[in-house]
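[1] next come a sequence and a model predicted from it.
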Amino acid sequence: ALRALLYEFGHVFPAGMGQIGRIAAVLDADEGTLPLLVSEECRDLLQQIAEKTVRIDTRTQKAHRLAEDAETAKRLQTLPGVGPITALAFEAFAPDMRTFRRGRDFAAWLGLVPRQHSSGGKERLGQITKAGQADIRRLLIIGAMSRLNRLGRSRIPQGSWLERMLARKPHMLVAIALANKMARAIWAMMTKQEDYRIPGPTAAAP
């Protein structure tokens, strides 16, 4: 809303919280080019953003403290892409992992598998089913997306399945595939009561 309001008067800003300082500086330096009502509205929006940022930071810190005290949440955070909020969501909302025979079943329960539209021996895969617990599925996809951003990509091993998929598949499709793998890894971690272990490099065939 803040960016859209300023855009009407020729001030264009990219999206993102990193632009708040620039916007505030423009308002402070304004010499009457903005109508008074618009300037006041922009400052009110900036104040709302500042207040909500404080509340978000406070709750995030609380989530970090809770996740440090909970054994399961602490273990889950050893998996790349899983932060304190996702770990606490699993502890609060995920069913007993022993109800699933394997990690693939848990990923399917979460809806992180494509719908099957197959006939006549020809396999057709549609969108993900979106079954199971929606909050956990959403958090896993967000965590997967964080591993595919500019910083996360620098940590993807060369030649890995993830690097190969990024080279030929849409970004969101790769994120869902990664979220599927994360769900299966979480099933293994919770059933075996083990921290995540980074897979070692596969030995080349002789």
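    Okay, I see it. Since this is a predicted model, take the numbers as computed values, not measurements.
[2] what's the first helix or strand after the helix or strand bottoming out on mean pLDDT in the chain?
    Sorting the helices and strands of the chain by mean pLDDT, DSSP states H and E puts strand 125-128 at the bottom, at a mean of 46. Helices and strands here follow DSSP states H and E; after strand 125-128, the next one along the chain is helix 134-147.
[3] so which bits of that following helix are buried?
    Using 16 or more other C-beta atoms under 10 Å as the test for burial, helix 134-147 gives 136, 137, 139, 140, 141, 143, 144, 145, 147. C-beta here means a position set from N, CA and C on the backbone, and glycine is covered the same way.
[4] can you redo these as a markdown table with pLDDT and distance to residue 57?
    Formatted as a markdown table, the buried residues of helix 134-147 follow (pLDDT from 0 to 100; distance: C-beta to C-beta, whole Å):
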| residue | pLDDT | distance to residue 57 |
| --- | --- | --- |
| 136 | 91 | 24 |
| 137 | 91 | 26 |
| 139 | 93 | 19 |
| 140 | 94 | 23 |
| 141 | 93 | 24 |
| 143 | 92 | 20 |
| 144 | 92 | 24 |
| 145 | 91 | 21 |
| 147 | 86 | 23 |
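[5] would CSV of the residues you listed with distance to residue 19 be doable?
    Listed next are those as CSV, based on distance: C-beta to C-beta, whole Å:
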residue, distance to residue 19
136, 31
137, 30
139, 26
140, 29
141, 25
143, 25
144, 26
145, 21
147, 25
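[6] show me what counts as buried in stretch 6-19.
    Buried positions in stretch 6-19, judged by neighbour count with 16+ other C-beta under 10 Å: 6, 11.
[7] secondary structure class for residue 157?
    Following DSSP: H, G, I helix; E, B strand; the rest coil, residue 157 is assigned to coil.
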